[in-house]
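sequence first, predicted coordinates after that:
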Amino acid sequence: MTVFVIRRFLQSIAVLVVTAVIVFLGIYAIGDPAEMLISPDASQAERAQVVASLGLDKPLWEQFFTFTWNALHGDLGRSFVFNRPSIALIFERLPATLELTLTGLVFAILLGIPLGLLSGLKPNSATDEVIMTGSIFGFSLPSFWQGMMLIMIFSVWLGWLPSTGRGPVGEFLGLHSSLFTLDGLKHLILPAINLSLFKLSLVIRLTRTGVRETMPLDFVKFARAKGISERRIVFVHVFKNILIPLITVIGLELGSMLAFAVVTETIFAWPGIGKLLIDSIMRLDRPVVVAYLLVIVSLFIFINFVVDVLYSLVDPRVRLGDAS
Amino acid sequence: MSATALFREDMLLGRLIMGIGRSPKAVIAAVVCVILLFAAIAGPFLTPQDPYDLAALDILDSKLPPGSQNMDGLTYWLGTDGQGRDMFSAMVYGLRTSLGVGVFSGIVALVVGTVLGLTAAYFGGRIDTLIMRVVDLMLGFPTILVALMLLALLGQGLWKVIFALILVQWATFARAVRSAALVEKNKDYVEAAVTLGISTPRILIGHLLPNCLPPLIVIGMLQVANAISAEATLSFLGIGLPITEPSLGLLIANGYQLLMSGEYWISVYPGVLLLILVFSINIVGDRLREVLNPRLGER
């Protein structure tokens, strides 16, 4: 187990280093770092000072060392627009993104698992056909298009829910979240649904496949022979078995939802890191872009690492298979 | 000559066409795909107006609702946008760009992925490990994140978007080709070809590749749909195609601001077209998957 965790950890570090090298090369080798990292309206003296402090007059490998050293100390440059450390800007907006992503994930699970069970328990029925065609439709609809339709229907036509921004933030048990105020909740519903639709099809399909694979197994027949009620078989015994792959995939998809939040946040003007990224790209605020990329990739690698370790705890075959 | 005689069941093309023919849903989707492909190719001959010839536009015609007529008696069946551009014409041109970018990047990714996948499977050992490590690394990241990273660093542009789409797609092809080729590699005909002294490139391309085609076709279809969708998303965010190459995603983005004020047609119609395009390609791809290999791509 320890060996597995250590090896997996080293792999994560390797991926992180590779990403850092790519981002570094993207700034320093492809583009002109002076142009990228120094504000366009900086004076000549400021420019020379930044060039010296970034070590842009030094050889490339030394620059990489400085870049990594600074990054490890949480210094990813200052935003041109806000004139504040870019990493601080990211961490300021991260809670809003996490709130949105986690709520979206909960929606996807709460809707996806029952629908998947419904269609998996009665394969090839009319219900199944509707749910499955609906799920193809679901992943054919580009996420931004779904978001626009949600706004058009629920905000413009029906006027039920607000279409932009985040509501007031409430406090509960020391946690600050817009989940704790009514207006905050109203603002959260549409973006969270938009983000969850993206993963809903996947959860439905996974649950359906899991149910269909588990139902014919011997232990289910045995449970029936013992006279256990069908409801208990499905919700206790079968459910436990399909939960393992489901948890893994959901965990891994959390990372991709964080990345996809860029789209949802842009449409709904949600003040998270995704919107910050797009705004920064538009304003050519590159230190923030670089900081976003490094933070989101680190987060992503961290989530994958945790999911893999958890999975190997639940299912010993994973670490044994990897060791051979 | 009847259709059955023209396409024999034992030929790959025959299997594909007959497979689609047996599902009414797939037939409709395939017909839609063909019509859209034709519209994209014939584009300029179908549209009443060149939407990007500024001389042909009249600002007085801007934001006309669907069905309005202009002074010359030209009817705007789908309305006009903020610059007085006929939406139908703009959509046909957008379709050309979207489909072009999607298909082109799909084909290049297919070629790159196939070459690397075949190489990995045939030579095995270190080469295999190296290529597959990179594939795993690529597939570990969500498509949108890689594309965002690349475009954030490189800036927007047609070739940059195509490059980003190729980069995020090739690994899927490489993995599929490798697993198909690993199965084929151990069959007698490959051994026979080696014994006959046929050169390695010829064995790879002439003998292994044709037998790896079925999964490639399916993944190719689904990847083109993904690529079109991804390009639209990136362009909508404003970091994909530049304003000079208006794809469907850009059209939707342009109309998005006007959606709130009730001029729905400027972004809704391009959106519906995009949806029809991606949905029908997915339906055909899904059907082909069932025909060629029921187990493939099950997630």
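Okay, I see it.

wait, A:A223 touches A:I233, no?
Yes - if you go by Cβ atoms under 8 Å, A:A223 and A:I233 touch, sitting 5.0 Å apart. Any C-beta I mention is one placed from the backbone N, CA and C, and that applies to glycine too.

quick one: contacts for the most centrally placed residue in chain A?
Taking Cα atoms, centre = their mean, the centroid of chain A lies closest to A:L258, which sits 2.2 Å from it. A:L258 makes contacts with A:T97, A:T101, A:I296, A:L299, A:F300, as judged by Cβ atoms under 8 Å, 6 or more residues apart in numbering or on different chains.

what about 6 Å?
A:T101 (Cβ atoms under 6 Å, 6 or more residues apart in numbering or on different chains).

pLDDT score for it?
With respect to pLDDT, A:L258 has a value of 83.

over to B:T233?
Confidence for B:T233, expressed as pLDDT, is 88.

ok, residue 281 - how many residues close by?
Just going to use chain A. By other Cβ atoms under 10 Å in any protein chain shown, the residues close to A:I281 number 22.

wait, I meant chain B there
26.

quick one: what helix or strand has the residue nearest to the centre of chain A in it?
helix A:239-268 (DSSP states H and E).

after that helix, which helix or strand is next? Please name it.
helix A:273-282.

centre of the chain to that next one, how far?
16 Å (Cα atoms, centre = their mean, to the nearest Å).

which residues does that helix contact?
Contacts of helix A:273-282 (Cβ under 6 Å, 6+ apart): A:90, A:93-94, A:97, A:261-262, A:265-266, A:288-289, A:292, B:152, B:237, B:239.

tell me the mean pLDDT for it?
On average, helix A:273-282 scores 84.

next: stretch B:251-269.
On average, stretch B:251-269 scores 77.

measure the residue in the stretch 51-200 of chain A that chain B sits nearest to to B:L137 for me?
Proximity of the stretch 51-200 of chain A to chain B (Cβ to the nearest Cβ) peaks at A:S140, 4.1 Å away. According to Cβ to Cβ, to the nearest Å, A:S140 and B:L137 sit 28 Å apart.

out of these two, which sits in the more crowded spot?
Using other Cβ under 10 Å as the criterion, A:S140 and B:L137 rank with A:S140 on top: 22 against 15.

before we move on, the earlier item: state the pLDDT value of the residue of the stretch 51-200 of chain A closest to chain B.
77.

nearest residue to it in space, please, no chain neighbours.
Leaving aside its chain neighbours, A:S140 sits nearest to B:F279 (4.1 Å; criterion: Cβ to Cβ, 6 or more residues apart in numbering or on different chains).

please, which helix or strand holds the one you found?
helix B:265-292.

buried ones in that helix?
The neighbour-count check on helix B:265-292 (16 or more other Cβ atoms under 10 Å in any protein chain shown) flags B:265-289, B:291-292 as buried.

tell me where the chain is predicted with low confidence.
Picked chain A for this. A:28-40, A:53-57, A:167-182, A:314-324 (pLDDT under 70).

ah, no, chain B please
Ranges of chain B meeting pLDDT under 70: B:1-11, B:53-64, B:67-78, B:82-84, B:262, B:293-299.

up against chain A, what does it have?
B:142, B:144-145, B:149, B:152-153, B:229, B:232-233, B:236-237, B:239, B:271, B:278-279, B:282 (Cβ under 6 Å from any Cβ of the partner chain).

ok, now which ones touch the residue nearest in space to the middle of chain B?
For chain B, the residue nearest the mean C-alpha position is B:V224 (2.2 Å; Cα atoms, centre = their mean). Applying Cβ under 6 Å, 6+ apart, we find B:V224 in contact with B:G102, B:V103, B:G106.

let's see it at 10 Å
Applying Cβ atoms under 10 Å, 6 or more residues apart in numbering or on different chains, we find B:V224 in contact with B:33, B:99, B:101-107, B:109-110, B:169, B:277-278, B:281-282, B:285.

whichever of the residues you listed end up buried, select them in PyMOL.
Burial among these is assessed by 16+ other Cβ under 10 Å; the matching PyMOL selection reads:
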select buried, chain B and resi 33+99+101+102+103+105+106+109+110+169+277+278+281+282+285
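
distance check, B:V218 against chain A.
14 Å (Cβ to the nearest Cβ, to the nearest Å).

alpha carbons of stretch B:118-131, in PDB - could you do that?
Extracted C-alpha coordinates of stretch B:118-131, given in PDB (Å, rounded to 0.1, in the frame of the first residue of the first chain):
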ATOM      1  CA  LEU B 118       0.700   1.300 -34.900                       C
ATOM      2  CA  THR B 119       4.300   2.000 -34.100                       C
ATOM      3  CA  ALA B 120       3.700   1.400 -30.300                       C
ATOM      4  CA  ALA B 121       1.800  -1.800 -30.900                       C
ATOM      5  CA  TYR B 122       4.200  -3.300 -33.600                       C
ATOM      6  CA  PHE B 123       7.500  -2.500 -31.900                       C
ATOM      7  CA  GLY B 124       6.500  -2.800 -28.300                       C
ATOM      8  CA  GLY B 125       9.100  -2.500 -25.500                       C
ATOM      9  CA  ARG B 126      10.500   0.900 -24.800                       C
ATOM     10  CA  ILE B 127       8.800   2.700 -27.700                       C
ATOM     11  CA  ASP B 128       5.500   1.300 -26.700                       C
ATOM     12  CA  THR B 129       6.000   2.400 -23.000                       C
ATOM     13  CA  LEU B 130       7.100   5.900 -24.000                       C
ATOM     14  CA  ILE B 131       4.200   6.500 -26.500                       C
END
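
how many neighbours does residue 183 have?
In the absence of a named chain, this looks at chain A. With other Cβ under 10 Å as criterion, A:D183 counts 13.

that's the wrong chain, I meant chain B
By other Cβ under 10 Å, neighbour count at B:V183 equals 11.

ok, now B:V108?
What B:V108 shows, counting by other Cβ under 10 Å, is a neighbour count of 16.

give me the nearest residue to it, chain neighbours excluded.
By the measure of Cβ to Cβ, 6+ apart, the closest residue to B:V108 outside its immediate chain neighbours is B:I166, 5.0 Å from it.

quick check: that neighbour touching B:V112?
Yes - if you go by Cβ atoms under 10 Å, B:I166 and B:V112 touch, sitting 6.8 Å apart.

these two - which one has more neighbours?
Legend: neighbour count by other Cβ under 10 Å for B:I166 and B:V112, higher for B:I166 (20 against 17).

residues contacting the more buried one?
B:F104, B:S105, B:G106, B:I107, B:V108, B:A109, B:L110, B:V111, B:V112, B:G113, B:A227.

what does B:A30 give?
Applying Cβ under 10 Å, 6+ apart, we find B:A30 in contact with B:L16, B:I17, B:I20, B:G21, B:S23, B:S280, B:I281, B:I283, B:V284, B:R287, B:L288.

surely the third one and B:V284 touch.
Looking back up the chat, that one is B:I20. Yes - at 6.8 Å, B:I20 counts as touching B:V284 under the criterion of Cβ under 10 Å.

give the helix, strand or coil label for whichever residue of the stretch 151-299 of chain B sits closest to chain A.
Per Cβ to the nearest Cβ, B:L153 is where the stretch 151-299 of chain B lies closest to chain A, at 3.6 Å. Put simply, B:L153 is helix when judged by DSSP: H, G, I helix; E, B strand; the rest coil.

look at A:F144 and say how many residues are nearby.
Other residues close to A:F144 by other Cβ under 10 Å number 26.

how about B:F45?
With other Cβ under 10 Å as criterion, B:F45 counts 8.

ok so, going back, taking helix A:273-282 as reference, get the angle to the helix holding A:L258.
40 degrees (axes from the mean of the first three to the mean of the last three Cα atoms, to 10 degrees).

of all of the stretch 1-150 of chain A, which residue lies closest to chain B?
Taking Cβ to the nearest Cβ, the stretch 1-150 of chain A has A:G26 as its residue nearest chain B, at 3.6 Å.

skip the chain neighbours and tell me the closest residue to that residue.
B:L153 (3.6 Å).
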